[in-house]
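Asker: Starting from these lines, generate the structure:
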Amino acid sequence: MTYTLKEALGKYTPDVIRYIVLSHHYSSNVDTLLSRHQAADMENAEPDPELLDMFTEVMDDNLNTAKTIALLSGVFSNINDMLTGKHLSQEEKVRRSIAFRTAFDEIARVLWIFDEDPQQAIHAFTDRYLARMDMTVFDIEELVTQRCRARRDKDYQRADEIRGVLKDRGIKLLDYVGRTDWEVDID
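Answerer: Numbers count the residues shown, from 1 in each chain. So this is what the prediction gives:
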């Protein structure tokens, strides 16, 4: 069966689609991969009982949240090893990944972590950073526009100067065909 993106999103969660696409070569037939993973249903997945048991044991140890975070770090390492290993089928990797994700989501809800929408978190961080640097989005957009004009006019020295000014203020420019985006440089 051939899926449009809309049909795939109607049948699978975005996480399942992301996992399938990212875990295979970009030229792989995604329709075939989706068909092979029809059992991958995150909405009704059972959480990894071993992870939940470890979490309960650590939290029962005097509410040891620091040990819980360390536990999760180790689990992430194990998941990465499992995903890159050759000893399991793709279907089993998907099943285990979904069980982990379901358990992780449950743990995150208990700890009240990772509950903020990533895009909102990035926007809030950017707003706080710009306020601290006494800059506005308008200021940056104006400089980006001036730089684009300089590049269009082949005034590369001016374009590089503007890039330098923005870099000194912690702003990274991302040049694409026909447009330039920017982000706060956290490196």
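
Asker: where are the low-confidence patches of the chain?
Answerer: 1-3, 13, 15-16, 19-20, 22-44 (pLDDT under 70).

Asker: State the distance from the residue positioned nearest the centre of the chain to A108.
Answerer: Residue closest to the mean C-alpha point of the chain, counted by Cα atoms, centre = their mean, is P118 at 7.7 Å. Applying Cβ to Cβ, to the nearest Å, the value for P118 to A108 is 13 Å. Yep, even glycine has a C-beta here, placed from its N, CA and C like the rest.

Asker: With T68 instead?
Answerer: T68 is 11 Å from A108, by Cβ to Cβ.

Asker: cool, and V165?
Answerer: V165 is 40 Å from A108, where distance means Cβ to Cβ.

Asker: Checking my notes, D127 in a strand, right?
Answerer: No. The assignment for D127, made by DSSP: H, G, I helix; E, B strand; the rest coil, is helix rather than a strand.

Asker: burial count for it?
Answerer: Residues near D127, counting by other Cβ atoms under 10 Å, number 13.

Asker: Output the helix or strand hosting L51 as PDB, nothing but the C-alphas.
Answerer: Using DSSP states H and E, L51 sits within helix 49-60. The C-alpha coordinates for helix 49-60 follow below in PDB (Å, rounded to 0.1, in the frame of the first residue of the first chain):
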ATOM      1  CA  PRO A  49       7.800  -3.000  33.100                       C
ATOM      2  CA  GLU A  50      11.500  -3.400  33.900                       C
ATOM      3  CA  LEU A  51      12.100   0.300  33.600                       C
ATOM      4  CA  LEU A  52       9.000   1.100  35.700                       C
ATOM      5  CA  ASP A  53      10.100  -1.300  38.400                       C
ATOM      6  CA  MET A  54      13.600   0.200  38.500                       C
ATOM      7  CA  PHE A  55      12.100   3.700  38.700                       C
ATOM      8  CA  THR A  56       9.800   2.600  41.600                       C
ATOM      9  CA  GLU A  57      12.700   1.000  43.400                       C
ATOM     10  CA  VAL A  58      14.900   4.200  43.100                       C
ATOM     11  CA  MET A  59      12.100   6.500  44.100                       C
ATOM     12  CA  ASP A  60      11.200   4.300  47.100                       C
END
